[in-house]
Each structure stands twice: as C-alpha cells, then as structure tokens.
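In: No sequence on hand, only this structure:
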C-alpha cells in the first residue's frame, strides 16, 4: 500500500502524456488536409507547433514528409532531402508502402533536377511503379508516370508522351485536375523543346490554361503563360511574349515561387536580348541577381534561426523537466513524512542519474548542431562560389564573342577604311603623314588588345588534354608579338588531376590572366605549374605596373576575392605579392 501514491502519480502523468499525443496526432492530420492551401510562412509556423518525439511512428514519418515538402515547394531541394530520407525510413518501419512509393518519386524528381543521369535514379521509379500498380493508387500512379515522362522526354520524346497520356487518363478518370494541368504542360514542353511542333505545343498549353482557369489554379495559369511566351519568342513575337511575362508577375501562388521568379526574370532578360535591347536585358539580369542575393541571405538566416530555435527549445524543455522533477521531489518528501522515506531516496537517486544523463545528451546535441551549422554554412558558401564562377564563365564567353564578332570586326573594318582613305589622299605633308601613321598604329593596338582579351575570355579546359595544354593554349592565344610575351613553365605535371579540380584551377588562372591583360600593362607574364606528390603550386608573375592588394575594392575585385575563397575551400593558400611600379606575383598552393 505504501507505493500507491507514486503509482498514482505515474498513472496521472501517463494519462496526460497520452492525451497530448492524441491531440498532436489529430492536429497533424488537420495540418496535412490544409497543407496545399497554405503559404510557405504558415507551413513553417504550423510545423513548429509539433514535437516529433511525442508523435506515433507513422505521424513522425508524416511530420518529416510535410517538413520536406515545405522546403521543396519553396525551391530548397537541399533542405528537403534530409527530411524525405528520414520520412521514407519511418514509413518503411510503419509498413506504409504507398507513402514509401510517393517519396521514391519525390527523390527521383529531386535527382532529375540535379546533375544525375536518368540511369542513376531509374531504380527509384521502377520500385515506385511496382508499389503504385500493386496498390492501384491513382494519385501515386499519376505522379510516377509523369515523373518517368519528365525524366526521358529529351532522350525519348514519343515514349515520354505515352507515359504522360497514361497519367492523363488516370487523372481524368479520378478528377485529379492538378495532375491533368501539369501533365498537359509537360506534353506541350515536349512538343516545343524536342519535337519543334509549335502547333501541338500551343494546343496542350492551351488545354492546361483552360483547366487552370476553370479551377482558378493560379500556379497552372502562370506556367501556361510562361510557355506561351516561349512560343511567341520562337515566332519572334517579342512584345506579346513580354505581355505574358508581365501577366505572370500579378498571379498569386506560393509553391516553387522563388525559382519561378528567378526564371521569369531571366526569360525577360533573354527576350530583350533577342530584341537587341541590351540596356533592358542587363536591367532584368541585375534584378535577377538582386533576387538571388536576397534568397541566399534568407536561406542562410533561416538555417541559423532554425538551429538557434532548436537549441532554445531543447534548453526550455530541459528547464521544464527540471521544474517537474523538483515538484515531484517535493511531493515525495511530503509522502516521506508519512512513511515512504525509503522509496523517496531510491526514486531521487535514479532521478539525479537521469538528469545528469539528459544534461550530457543536451550538451552533445548542442555540439552536434553547432558542427552541422558550420558544415552547412561552408557547403553553402562553396555552392554559391561555384554558381558565381559558372556565371562568370558564361559571361566570359558572351563578352569574348561580343569582343571578337562585333568590336573586333568593327576595328578591322575601321583600319581598312582608314588605310584606303590614306592611300586616296594626295599631296599630304610630313606632319600629316606622321599623324596618319600614329592613328593607324593606335587602331592596330586597339584591335590587338581586343583580340587578346577575346581569346583570353574564350579559352577553356580541353577534357581530353588536361590543365597544362589548356593553359598553354590560352597563353598562345593572348600573346601579342613584340608587345606581350606569355610563358608557361610546367614542372612535374605528369599525372592528371580530377576533372573538376582541373577546371577550377584553369578558371583561376584564366581570371588572373585576364585581369593582368586588362589592368597591369605588362609586357611579360610567366605561369609556373608545379606538381608534387600531395600538392600543386601555381605561380603567376608579371612585370606590369603592380597595385596595392589592400586597396582592392570588394565590388571591383570580385575575381580575386572569389579565387581566394575557392582556394580556402580547397584547403589551400592564396597570396599576392605586389607593389605599385614593380609588378605582381600571385601564388596558389592546393593539396591534392
């Protein structure tokens, strides 16, 4: 009888815990039913109300699934994958194979949007088809057939269309209008991008638009307008295309909105470029870059806030548990006065052990979260630098082509006309002859500089040859007889590096070489490449006018700043030795 009060306390605690769990499970089901009609911020706020540890196994899987969908629909595939993988494992434990199949399709879609080949994620879709056809789940069958079509439409367009048509038949039969809208759009894209049949493309996009308007599905209307604009651009109806893009910006929807807005800004910029309105093209390209920066900052801040929130939540939970334990201890002391002192001592002893264990776990979790944050920030910074370098590469090719095809040809024509004018002019005096000769030299010098810059921008790493031939090739192209000598000295470069590393090193050298040609006024440049067993050293010297490295404007010197960051990400070192009037030496050491 003496143990009855303690049993009563534990029964009451168990009862309240059960009530809380049932309430949370019901709330999660309600959230799932409303999920598609909520915006991103509301979804995040709702998710923060749940404590996954207090949910059943199946509802823990659902919580992770909805967390992944929230990030995925906000264009954050990287943030979603971790949740999807956890959810899939939990659904497997709960034997909910329909949900497992749905996540297999989602993971396949995520891989298709990355650099994976179809063969890499085809097993996921094959497994999903087995589950879907066995369960005869129409929603799952639609998703799976649609994703297979999206994965192969560029390689096997007719086969992809057959999968799309199978999915549409299921969507029609089961009144799944959102699937019907999206799949008609997929068929239209296949006819437009691969089969070049604008008439059929227009027909399927119009079907998608009609169904979207019927159900007031703003996301479907937006994608239809964008696809109509693409057709107009191909037909050179640029003003109509711009009208469609303008209508898109007034539509209200939340899913994938971040990536969607970035693509629309790029499309508008490309349209103006096709219209030869380069001022407007650059204006919208700048708007896109501003939005990319905002989204990058928001994502970084969100990661930090989420981790901080987790830490604070854990801290509060630990404090609340300590308060509860203290309250229970006080009650046990009260019962001890009436004859249960021994039981109190035993219970208190085990509780103290439990508190210490929880404190150690909390500290370990805090350290793990801090390490995760550091890794996430490093990975994100590396990803952003890679994206920026890729953008610079594309911009470099564009500038090179413009320099070579436009400005270069103009200068060549100018010199030819000038020489004809000089030859036709009779009776010129010595002073005029000298002026003609100087002007001709200046035009030739301008042409050679433009030609050198174009070659410097347009050179690239040849995959089959490697880093040294690529650097030698660019050196040969940028050199100007009697004006600029570029020498490449390889030492120990007998083994090929990883292709990604070779491309990165070449981009660094290319950026430095371009900057030197543009700013240093050098007549000699030496590029030394040295490979040891565990490192590679790059030394670039010039005899130009030099500069003060500390005085580089962050905005103006983005090239060197990015090279330094990329070198640090590769665990290497980057240094500049330069003085005004005494040339420049840049040293890069990378471990391999």
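Out: Received it, and whenever you're ready, just let me know what you need. The structure presented is a predicted model; accordingly, all values stated were derived computationally and were not measured.

In: Tell me which residues touch residue 233, please.
Out: 241, 270-271, 274 (C-beta atoms under 8 Å, 6 or more residues apart in numbering). Glycine gets a C-beta too; all of them are placed from N, C-alpha and C.

In: how many other residues sit next to residue 181?
Out: Neighbour count for residue 181, taken as other C-beta atoms under 10 Å: 25.

In: A helix includes it, no?
Out: Yes. Assignment of residue 181 by DSSP: H, G, I helix; E, B strand; the rest coil places it within a helix.

In: Just among the contacts of residue 233, which is most surrounded?
Out: The member of these surrounded by the most neighbours (other C-beta under 10 Å) is residue 241, with 26 neighbours in all.

In: That one and residue 159: what is the separation?
Out: Plainly put, residue 241 is 30 Å away from residue 159 if you go by C-beta to C-beta, to the nearest Å.

In: coming back round to it: among the contacts of residue 233, name the ones in strands.
Out: Among these, no member falls in strands (criterion: DSSP state E).

In: Now render those residues as TSV, adding pLDDT and distance to residue 150.
Out: Formatted as TSV, the contacts of residue 233 follow (pLDDT from 0 to 100; distance: C-beta to C-beta, whole Å):
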residue	pLDDT	distance to residue 150
241	91	24
270	93	23
271	93	25
274	92	27
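
In: Could you list which of the residues you listed belong to helices?
Out: Counting by DSSP state H, those place 241, 270-271, 274 in helices.

In: Can you spell out which helices and strands pack onto the helix or strand harbouring residue 44?
Out: Using DSSP states H and E, residue 44 falls within helix 40-47. With contacts defined as 3 or more C-beta pairs under 8 Å, 6 or more residues apart in numbering; DSSP states H and E, the packing partners of helix 40-47 are helix 57-73.

In: So what touches the helix it packs on?
Out: Residues outside helix 57-73 that contact it (C-beta under 8 Å, 6+ apart) are 24-25, 28, 31-32, 35, 40, 43-44, 47, 50, 52, 55, 77, 79-84, 86-87, 90-91, 93-94, 96, 99, 103, 106, 110, 254-256.

In: Please, a ChimeraX command that selects the buried ones among those residues?
Out: This is how ChimeraX selects the buried members of the contacts of helix 57-73, with burial counted by 16 or more other C-beta atoms under 10 Å:
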select :24,25,28,31,35,40,43,44,50,52,55,77,79,80,81,83,84,86,87,90,91,94,96,99,103,106,110,254,256
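
In: mind listing which of the contacts of helix 57-73 are in helices?
Out: 24-25, 28, 31-32, 40, 43-44, 47, 77, 79-84, 86-87, 90-91, 93-94, 99, 103, 106, 110.

In: For residue 117, see how far away residue 190 is.
Out: Distance of residue 190 to residue 117, given as C-beta to C-beta: 19 Å.

In: Likewise for residue 89?
Out: According to C-beta to C-beta, residue 89 and residue 117 sit 25 Å apart.

In: again with residue 128
Out: From residue 128 to residue 117 the distance is 18 Å (C-beta to C-beta).

In: When those two are compared, which one has more neighbours?
Out: It is residue 128, of residue 128 and residue 117, that has more neighbours when counted by other C-beta under 10 Å, with 26 against 10.

In: so the more buried one, which of the three states?
Out: Here residue 128 is recorded as helix under three-state DSSP.

In: Could you report the pLDDT at it?
Out: At residue 128, the predicted lDDT confidence score is 82.

In: What is the burial count for residue 430?
Out: Neighbours of residue 430 (other C-beta under 10 Å): 7.

In: scratch that, residue 440
Out: So residue 440, with other C-beta under 10 Å, has 14 neighbours.

In: avg pLDDT for the helix or strand hosting it?
Out: In this assignment (DSSP H and E), residue 440 forms part of helix 430-458. Taken as a whole, helix 430-458 carries a mean pLDDT of 72.

In: Quick check: residue 215 vs residue 237, distance?
Out: Distance from residue 215 to residue 237, by C-beta to C-beta: 28 Å.

In: any chance you could map the helices in the stretch 151-300 of the chain?
Out: Secondary structure of the stretch 151-300 of the chain (DSSP state H, counting those that start in this stretch): helices at 157-173, 177-193, 198-214, 218-234, 238-248, 257-274, 278-335.

In: Look up phi and psi at residue 487.
Out: The phi and psi values for residue 487, taken as degrees, to the nearest 10, are phi -110, psi 140.

In: In space, what's closest to it - neighbours in sequence excluded?
Out: The shortest distance from residue 487 to any non-neighbouring residue, by C-beta to C-beta, 6 or more residues apart in numbering, is to residue 526 (4.9 Å).

In: Checking that neighbour next. Helix, strand or coil?
Out: Per three-state DSSP, residue 526 ends up strand.

In: Go ahead and confirm it touches residue 489.
Out: Yes. Between residue 526 and residue 489 a contact is recorded at 6.6 Å, counting by C-beta atoms under 8 Å.

In: if you count what's nearby, which of the two comes out ahead?
Out: Between residue 526 and residue 489, counting by other C-beta under 10 Å, residue 526 is the more crowded of the two (16 against 11).

In: Give me the pLDDT value at that one.
Out: For residue 526, the predicted pLDDT is 96.

In: give me the low-pLDDT residue ranges for the stretch 151-300 of the chain?
Out: Within the stretch 151-300 of the chain, the set of residues satisfying pLDDT under 70 comprises 296-300.

In: Kindly recompute the last result at 90.
Out: For the stretch 151-300 of the chain, the stretches flagged by pLDDT under 90 are 151-152, 154-155, 167, 248-263, 278, 280-281, 285, 287-300.

In: quick one on the thing from earlier: go through the contacts of residue 233 and name the one nearest residue 194.
Out: Of all the contacts of residue 233, residue 194 sits closest to residue 270, with 19.4 Å by C-beta to C-beta.

In: From residue 276, how far out is that closest one?
Out: 12 Å.

In: Equivalent analysis for residue 363, please.
Out: 63 Å.

In: The two: which has the busier surroundings?
Out: Neighbour totals were compared for residue 363 and residue 276, and residue 363 leads with 10 against 7 (other C-beta under 10 Å).

In: What mean pLDDT does whatever helix or strand that one lives in get?
Out: Here residue 363, judged by DSSP H and E, is contained in helix 341-402. What helix 341-402 shows for mean pLDDT is 67.
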